[in-house]
Each structure stands twice: as structure tokens, then as C-alpha cells.
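In: model the structure of this input:
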Amino acid sequence: MSSHFGELFRISTFGESHGPAVGVVVDGCPPRLEISQVEIQAELDRRRPGQSKIVTQRQEADTVEILSGVEEGLTTGTPIALLVRNTDQRSRDYDEMREKYRPSHADFTYDAKYGIRSWSGGGRASARETIGRVAAGAIAKKLLSTRYGVEVLAWVASVQNIQANVDPDTVTLERIESNIVRCPDPIIAEQMLGLIEETRKRGDSVGGVVRAVARGVPVGWGEPVFDKLEADLAKALLSLPASKGFEVGSGYTGTLLTGSEHNDAYRSDDQQSVYTTSNHSGGIQGGISNGMPINLSVAFKPVATILAEQNTVTTDYENTTLKGKGRHDPCVLPRAVPMVEAMIALVLADHALRQQALKRVEESR
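Out: Numbers count the residues shown, from 1 in each chain. Just a heads-up that it's a prediction; the model follows:
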């Protein structure tokens, strides 16, 4: 099972949903980066369960412990180990799932592949695994902001058929965090909230889209041909639980345009820098960042574990029904926002270091 991600800025996550703890080891973070437990905790608080009435009510503080790699508030250049202990597991809620597969969950496929699965809580297939990603992403975001001037923001753009119209060039963290849905449009956020609450009361779930922007990314990040920047971003974001779709720039909408309509014209006002007058490319051309904001979207399906009764089979392939129990998100989108930001930051931090290494090789010639 692959639990590693990245080349130079590399993470390894560990732990199960109902095990003693979850966490991450970060390799390759440069030394003397200022980082604190408070900064990492702030990101985990955005991801944690029980933070509002529309997310799972599992009560976890998700308190992070820095075990290594940080001394007096500065990274040392050695592996950074971060640990979060699980304190509110209720494995009894999953007793029936010991012998039954949840429809559209990883239960069946994990069992078919490995011959064993973590039926209590979903194990590594649980969204609880993303704690390590978000914790590592907090470090990546700090590296990007302080040393490269890059800002990464994500928000809920749609819940089912309710869509917000948000300008990625002007959206702010304060607007995103102004409501529990994490939609910067307060009027649309109220409509989304109503739909999520109505769905939760029915014992069902609902999906939607998270949009994101990375501002300040310089020209030159990305490694064609197989590690193109959008390719690595797609892999990162499609590795998140419940993610089912990825677009960068104009995405599928761009297929409706002609080349003359879609092409981003270049312009230079000072003969020292170049920008484009539109951004259909989403800040990436030829797999390399072009200096414009990177715009992307991630689609998340409805959460698989629902409280409504469904048809399924037992581990002996006998037809049966299953009605989920326990505490589950009726909509993963509000908690997915910091996860999306984390994965984007991890990719960009990795490519920042790869570009830095390339420059050093060129300078040494």
C-alpha cells in the first residue's frame, strides 16, 4: 500500500481511523523555517470533526504533537514527525459492517485486494487519514508563503445543483471562513446549508465541488513530461477520499470554445515580465506554471456511509440490506476545503524545491 507522496518535499502518512493515533512524517522540509504547533493546529481545527452541525459529530480535539524536526520554533532540516491521537472511536457502531460491505465504500475492494480490511471505521480508507496530509500541508503552506510569496485558498463552489459565483482573484480566507459551509457567498451558503441539513435529516448524503486558487506561483514550476504540474495536482487531489473529478483552468468548459477563443494572449507592459490577458489555461501551460493564478476544481461524491437502508451483500456474497450507524458527514465538502488546500500546497512545495534544485545545477555549470 502506497502511503508516500512527493519527491523532494515528501510525506508518509500512517494510522487508522479507529487505531491509537494517526500522523505523518515530513521529509525534505528546508531548515530554519518558522513553524509552530499553533499554526499546524489551526489547519487541523478546520478539518476536525464536530466543528459544526453539518459535519460528523465525532468529538475529536485532533491535538497535534510535534515529535521531531522542530527546535525552538524552527525546522531543523531533519524529518518532522507529527502525531494526533484518536480519543473518540466507537467501533460498536460498525459491528454490522464486520460481515457486510457498505455500497460504494472501499470495504469490498480493500477486502478483494488485501484479503483483510479494517471494518471498524474504514481504516486507511477513512477521511481520518487526511489528518496527516493537512498537518503536513500546514508546513508546506508556511514554506510557500514565507519563501515564495504563494497563497493557496479553497472554498465550496457548489453543493449538488446550488452553485456560487466567486471571483478566485479576490476571494479571501476571511470570507471563506465566515460560515460553516465555507462558501464565500453568504446568500448561496445559506441555501447550501439548508440542503445539507435537509439531506442529513433524511439519513442521506450529498456531494458537490470545491474550487481552489494558488496565487503568486512563479513561472517555471512543473516537470514535463510525466510530472507536469497539473498531472501532479490531479494525482494529489484525486487521492483524497470521495474525490471523483478534477479540472484545471477552463476544464471541460474549454471544449466548447474555439482555439482563438481559448488561447491566452501574452502581454508585457515593462519588457521585463509577461502575463496573459485571460487565464483559460488556469496558470499552467505545457505542464509548467506560467505566473498566472492556478485555478482548479475538485468534485466530491456523496459520502458512501448513510443512515438510509440499502441493498448490499455479506462477506460470503449473500444478498442482504444495511442501514448505516454512527457519526458520518452528510456532506464532506466543508471539511474537504482544508484537505484540498493541503494537497495543493504539498505539490507546489515539492515543485518549488525541484525548481530550486534545477537552478542550482544550472548555476554550477
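
In: which stretches of the stretch 51-200 of the chain form strands?
Out: 64-68, 70-71, 74-75, 80-85, 151-159, 162-163 (DSSP state E, counting those that start in this stretch).

In: can you list these in TSV and add mean pLDDT and mean neighbour count?
Out: C-beta: built from backbone N, CA, C; applies to glycine. Formatted as TSV, the strands of the stretch 51-200 of the chain follow (pLDDT from 0 to 100; neighbours: other CB atoms under 10 Å):
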stretch	mean pLDDT	mean neighbour count
strand 64-68	98	16
strand 70-71	98	17
strand 74-75	98	17
strand 80-85	97	22
strand 151-159	98	24
strand 162-163	98	18
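
In: out of these, which is closest to Tyr275?
Out: Of all those, strand 151-159 sits nearest to Tyr275, with 17.4 Å by CB to CB.

In: looking at this, Thr321 is in a strand?
Out: Yes: when DSSP: H, G, I helix; E, B strand; the rest coil is applied, Thr321 is found to be in a strand.

In: was I right to think it contacts Val313?
Out: No: taking contacts as CB atoms under 8 Å, Thr321 lies outside contact range of Val313: 10.0 Å.

In: who has more neighbours out of those two?
Out: Neighbour count, other CB atoms under 10 Å: between Thr321 and Val313, Val313 has more, with 15 against 9.

In: ramachandran angles for that one?
Out: Val313 adopts backbone torsions of phi -130, psi 160, taken as degrees, to the nearest 10.

In: tell me the bridge partners for it.
Out: In this entry, Val313 is beta-bridged to Asn319, by DSSP bridges.

In: where's it relative to Arg102, distance?
Out: For Val313, the distance to Arg102 (CB to CB, to the nearest Å) stands at 11 Å.

In: same question, Asp264
Out: 44 Å.

In: show me what contacts Ile162?
Out: Ile188, Gln191, Met192, Leu195, Gly208 (CB atoms under 8 Å, 6 or more residues apart in numbering).

In: ok, now with 6 Å
Out: Residues in contact with Ile162, defined by CB atoms under 6 Å, 6 or more residues apart in numbering, are Gln191, Met192.

In: what's the local residue count around Thr170?
Out: 9.

In: so what pLDDT did it get?
Out: At Thr170, the model reports a pLDDT of 97.

In: ok, it to His280 distance?
Out: On the measure of CB to CB, Thr170 and His280 end up 19 Å apart.

In: start and end of stretch 227-244, how far apart?
Out: 21 Å (CA to CA, to the nearest Å).

In: which residues does it contact?
Out: Applying CB under 6 Å, 6+ apart, the contact partners of stretch 227-244 are 127, 221-222, 246, 248, 284, 287, 289, 298-301, 332, 339, 343, 347.

In: can we see that at 7 Å?
Out: Here stretch 227-244 makes contact (CB atoms under 7 Å, 6 or more residues apart in numbering) with 125, 127, 130, 221-222, 246, 248, 284, 287-289, 296, 298-301, 303, 332, 336, 339-340, 343-344, 346-347, 351.
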